[in-house]
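Undergrad: predicted model, plus sequence, below.
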Amino acid sequence: MDNSLYAIEVEKLTKIYGKGGSAVTALADASLQVKAGELVAILGPSGSGKTTLLTAIGLINEPTHGRVIIDGTVVADAGWLPGIDLKRLRREKLGFIFQAHNLIPFLTARENVMIALEINKLSRNVAKARATELLTALNLAHRLNSYPSALSGGEAQRVAIARALANKPKVILADEPTAALDTENGTNVMVLLKKLAHENHSAIVVVTHDQRMVDGFDRIFHVNDGRMNSELCKIPSAQSNGS
Amino acid sequence: MNLALRDIRYHRGRFILTSIGLGLLLGVVISMGGIYRGLFADALAVLSSTKADIWVVQQNTNGPFAESSRIPEDITYRIRAVPGVSEASPLSFQTIQIDKRAKPYRFFLIGYDLNGFGGPPEIITGRGIGQKHYEMVVAAAMGMAIGEKLHLGLHDYTVVGITGKVVSSGGDPVAYVTLSDAQDIQFKKDNSAIRNDRERLGANLDALRSIPPGQAKYLKQNISTITESTHTVNTIVARLAPGADLADVQARINRWNHYRPLSVAEQTRILTKGMIEKARMQLGLFRAILLVISAVIIALIIYTSTLDKIKVIATLKLIGSPNRVIVGMILQQSLLMGVIAYLIGYGLILLTYENFPRRIVLEDVDLQVLFVIVMGICTLSSCVGIRKALRVEPAEALGG
Ligand SMILES: Nc1ncnc2c1ncn2[C@@H]1O[C@H](COP(=O)(O)OP(=O)(O)OP(=O)(O)O)[C@@H](O)[C@H]1O
Ligand SMILES: [Mg+2]
C-alpha cells in the first residue's frame, strides 16, 4: 500500500527485565522483518525470549532498546514513542491468539468475536453478521451461542482465531496456539492459520515449541538465550505454497 | 454490546444474591428513615388530631405530653370567656398498662368532653361514644373488636368504635373514653379505700381540739366532697375564633398566673426537640453507620468482582478496548447493583411497613435523597475497582 515493504519490522530489539544485579536480558539485538501475507514461525527452548519478542511486536511489552515498526508506523525506538496510541494500533492492526484461548467467559462464542468488532466502532448488526460469518467459516455455526466453558479446546481456539481475524488485521501474533491442543486439533489450527494468512494477506508470526507444526511456513526463526539465530532463518521446508 | 449486563447475565445467581443482601441492608436504612419520620408523626399525632390552637397547662410545666400537668376542670369556663376563644374543652391523658391474656397491654387513654372536642379524629368502624359512661373508642392498633370489654379501674368499658392511626408520643395506641370516665379510672378509689380515708381523716378531725365539735361534725359530713373531687384534668385545649390573635389570647391567659397557654408551635417544639431528640440522633447515627457499611460492602463486592475479572480486563486491553469500555463495565455494574438493591429494599419496606411495631412514614424526599446517596456510594465504591482495572497490564492476559 504505502512505501513500507514490511508489515512488521524489528531492528536490534533488546529487552532487559529488571534493573541492576537482578536484570535479565531476555532478548538481545533481535531483528526481523515480516511482509504482509508471510507466515513466520519462531522456535526456541523455554525461556529463550520468544514471548518477549512477540509481545514487543504486539505492543504490550515495552522494548528497552531498538525499534519496532508496525505497518510503516514507528511505534518504539528505545521505548514507546511518545504520543503513540497503542490501544488503537492494537485494535486496528493486530490480532492475538494465545495458548490459553483468552476468551471472555461471560460472553458467548459469537459475542467474543463481536466485541473485537464493536470496539472498532462497527455497529452491532454488522458485527453480528461478520462474527456469524467468520465462525461459520471456522465450522462453529452450531456453537454461536455457547459460552467458552462449554467449548472444547479446539473449538475455543478457533473462536479465538475468529476474534483475532475479525478486524482483518495487518498482523496476527500467535503464542503457542496449539500447545493446549492434541496433535490433530493442533494441526487443524495451523492449517487454518496458513489458509487465513493467504486469504487475508496478513503477516502471521507463530511462536511454538513444536517442530512438527511449522510445516509449510515461509520462514522459521530460532531464538536461543535471547539471541535470534539468523543462520537458521532460511529453512523453508521445500514447499513454499502447499496448503 | 453491554459487557456489564453480559457479565451479570452469566453470573446471575451471584448478582441476585448480592443485590438481595444489599437490598436488605438498604431496607433497614429506609426503615430507619421511616421510623425517624414516624417518631415525628407519632409524637405529634395527638397534638395534630386535636386541632386546637392553644393548650393551657399547669404553670411552669411543659405539659401535658412532656411533663405532668394538672389543672382544675372548671377553668374551661374561664377560658371560654376569653375574647378571641371560640371553644375550649378539657382533656385528660394517662398511660395505662394492664395485663391482657397474660401479656402486658399498653395504651394511652384520653378522656374528653362529649360536648367539647379532642375526641377521636375519625371513626373507621362502629360509632363514636354515645353515652356518658362505660363506652370507649380505640385505635385500630389496639387490636380490639367492637363489643369487646376492657376492665379499667372499677368498671368494664365496651368498645363501640374503632378510630384510625392515633398513637401517643411514646408510640402506644390511643383509646378514648369520656372525661368523667377517665377521671374515674384515674382517681376513683374502691369502697374500702374510701371508707378507710374517711375514717382516717375523721379521726384526725376529732383529734383537733381547736375545732368546735359542731364544726368538726359538719366537716366530717363533707369529707367525701372535699377529698373525693376528681374534677382535675391535664390540659384544656382551646380554638380561636376567626381573626383572633393568638398572642393576645395567650397574654390574657398568662395574666391569671396559674396557667401556661402553649401554642401549637411551642407544643411542637417541646415534643420534637425535647422528647424525641435523642431517639432521632440515635436513628440518624444508625443510618449513617449502615450507609458506611453499605459503602464498604459495595466497594468490596465491586473490588473482588474486578479482581475476578483481571484476566478479562487484560484481554480487553490486549485487543485494544478503550478504557471507557472497561470503566463503563465496572461502573454500570456497580450502579445497577445499587439500583436493584435499592428497589429490593424499598419493595421490602413497602410490603412490610404496616406491620412494624412503630409507625414508618416514607417521605418521598427521604427516598430520593437515599437513592442519590446510594448512587454516589456505588460510583465512589467502583472507583476502587476502576483504579485496579486501569492498572492491569494487557500482558497479564498471557499467563496460562
Ligand atoms: N516480566 C518478566 N520479568 C522478569 N523476567 C522475565 C519476565 N518475563 C520473562 N522474563 C524472563 O525473560 C526470559 C525470556 O522469557 P520469555 O517468556 O520470553 O521466554 P519464552 O521463550 O516465551 O519461554 P516459553 O517457551 O517457556 O514460553 C526468561 O528468562 C524469563 O525468565
Ligand atoms: Mg512463552
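TA: That came in fine, so what should we check first? Residues are numbered from 1 along each chain as shown, chains lettered A, B, ... in the order given. Ligands and ions are numbered 1, 2, ... in the order given.
Undergrad: residues of stretch B:62-77 that come out buried?
TA: Buried residues in stretch B:62-77, counted by 16 or more other Cβ atoms under 10 Å in any protein chain shown: B:N62, B:G63, B:P64, B:F65, B:A66, B:S69, B:I71, B:E73, B:I75, B:T76. Quick note: C-beta positions are derived from backbone N, CA and C, even for glycine.
Undergrad: again but with stretch A:41-56, I slipped
TA: Buried residues in stretch A:41-56 (16+ other Cβ under 10 Å): A:41-44, A:48-56.
Undergrad: now, those that are in helices?
TA: Secondary structure assignment by DSSP state H places A:K50, A:T51, A:T52, A:L53, A:L54, A:T55, A:A56 of the buried residues of stretch A:41-56 in helices.
Undergrad: so which of the buried residues of stretch A:41-56 are also by ligand 1?
TA: Filtering those for neighbours of ligand 1 using Cβ under 6 Å from any ligand atom leaves A:G44, A:S48, A:G49, A:K50, A:T51, A:T52.
Undergrad: any idea how far the fifth one lies from chain B?
TA: Okay, so that is A:T51. Distance, A:T51 to chain B, by Cβ to the nearest Cβ, to the nearest Å: 7 Å.
Undergrad: and the first one, by the same measure?
TA: From A:G44 over to chain B the distance is 17 Å, taken as Cβ to the nearest Cβ.
Undergrad: and the spatially closest residue to that residue that is not a sequence neighbour, what pLDDT?
TA: Leaving aside its sequence neighbours, A:G44 sits nearest to A:V223 (Cβ to Cβ, 6 or more residues apart in numbering or on different chains; 3.7 Å). A:V223 is assigned a pLDDT of 89 by the prediction.
Undergrad: element containing A:V223?
TA: In the assignment (DSSP states H and E), A:V223 maps to strand A:219-224.
Undergrad: how about the contacts made by A:E11?
TA: With contacts defined as Cβ atoms under 8 Å, 6 or more residues apart in numbering or on different chains, A:E11 is in contact with A:S31, A:G66, A:R67, A:I69.
Undergrad: which residues does it bridge with?
TA: A:R67 (DSSP bridges).
Undergrad: so B:V237 lies in a helix, does it not?
TA: No: B:V237 is assigned strand when assessed by DSSP: H, G, I helix; E, B strand; the rest coil, not a helix.
Undergrad: and it, how many neighbours?
TA: Using other Cβ atoms under 10 Å in any protein chain shown, B:V237 has 28 neighbouring residues.
Undergrad: okay, B:C378 and B:G345: tell me how far apart.
TA: According to Cβ to Cβ, to the nearest Å, B:C378 and B:G345 sit 14 Å apart.
Undergrad: what of B:N222?
TA: As defined by Cβ to Cβ, B:N222 lies at a distance of 67 Å from B:G345.
Undergrad: which parts of the stretch 201-350 of chain B sit against chain A?
TA: B:K311, B:V312, B:T315, B:L316, B:K317, B:L318, B:I319, B:G320, B:S321, B:P322, B:V325 (Cβ under 8 Å from any Cβ of the partner chain).
Undergrad: among these, which two are most distant?
TA: Taking Cβ to Cβ, the two most distant members of those are B:K311 and B:P322; they sit 18.7 Å apart.
Undergrad: helices of the chain, residue ranges please.
TA: If you meant another chain, say so; for now it's chain A. Along chain A, counting by DSSP H, helices occupy A:50-57, A:86-93, A:109-118, A:124-137, A:153-165, A:183-200.
Undergrad: correction: the question concerned chain B.
TA: According to DSSP H, the helices that chain B contains are B:3-10, B:12-50, B:75-80, B:179-187, B:191-207, B:213-227, B:246-254, B:264-269, B:277-308, B:310-318, B:323-352, B:364-391.
Undergrad: so which of these is the most surrounded?
TA: Neighbour counts (mean count of other Cβ atoms under 10 Å in any protein chain shown) averaged over each of those peak at helix B:310-318, with a mean of 23.
Undergrad: which residues touch the residue of chain A found nearest chain B?
TA: In chain A, no residue comes nearer to chain B than A:R91, which is 2.5 Å away by Cβ to the nearest Cβ. Contacts for A:R91 (Cβ under 8 Å, 6+ apart) come out as A:A116, A:I119, A:N120, A:N167, B:I319, B:G320, B:S321.
Undergrad: now the end-to-end length of stretch B:245-265.
TA: Terminal residues of stretch B:245-265 are spaced 14 Å apart (Cα to Cα, to the nearest Å).
Undergrad: how about residues contacting it?
TA: Applying Cβ under 8 Å, 6+ apart, the external contacts of stretch B:245-265 come out as B:47, B:52-62, B:71, B:75, B:78-79, B:82-85, B:238, B:240, B:270.
Undergrad: who does the residue nearest the centre of chain A form a beta bridge with?
TA: For chain A, the residue nearest the mean C-alpha position is A:L173 (0.7 Å; Cα atoms, centre = their mean). A:L173 has these beta-bridge partners by DSSP bridges: A:F96, A:V205.
Undergrad: okay, and which of the contacts of A:R91 map to strands?
TA: Members of the contacts of A:R91 lying in strands (criterion: DSSP state E): none.
Undergrad: of these, keep whichever come out buried.
TA: Buried members of the contacts of A:R91, counted by 16+ other Cβ under 10 Å: A:A116, A:I119, A:N120, A:N167, B:I319, B:G320, B:S321.
Undergrad: check what pLDDT the residue lying closest to the last one once chain neighbours are set aside gets.
TA: Distances taken as Cβ to Cβ, 6+ apart place A:I119 nearest to B:S321, at 4.8 Å, with adjacent residues excluded. Predicted confidence (pLDDT) at A:I119: the value is 93.
Undergrad: I'd guessed A:I119 sits against B:I326; true?
TA: No: A:I119 is not in contact with B:I326 according to Cβ atoms under 8 Å; the separation is 10.4 Å.
Undergrad: and for the two, which residues touch both?
TA: By Cβ under 8 Å, 6+ apart, A:I119 and B:I326 have these common neighbours: B:L316.
Undergrad: how distant is the strand holding A:V223 from the center of its chain?
TA: Distance of strand A:219-224 from the chain centroid (Cα atoms, centre = their mean, to the nearest Å) equals 15 Å.
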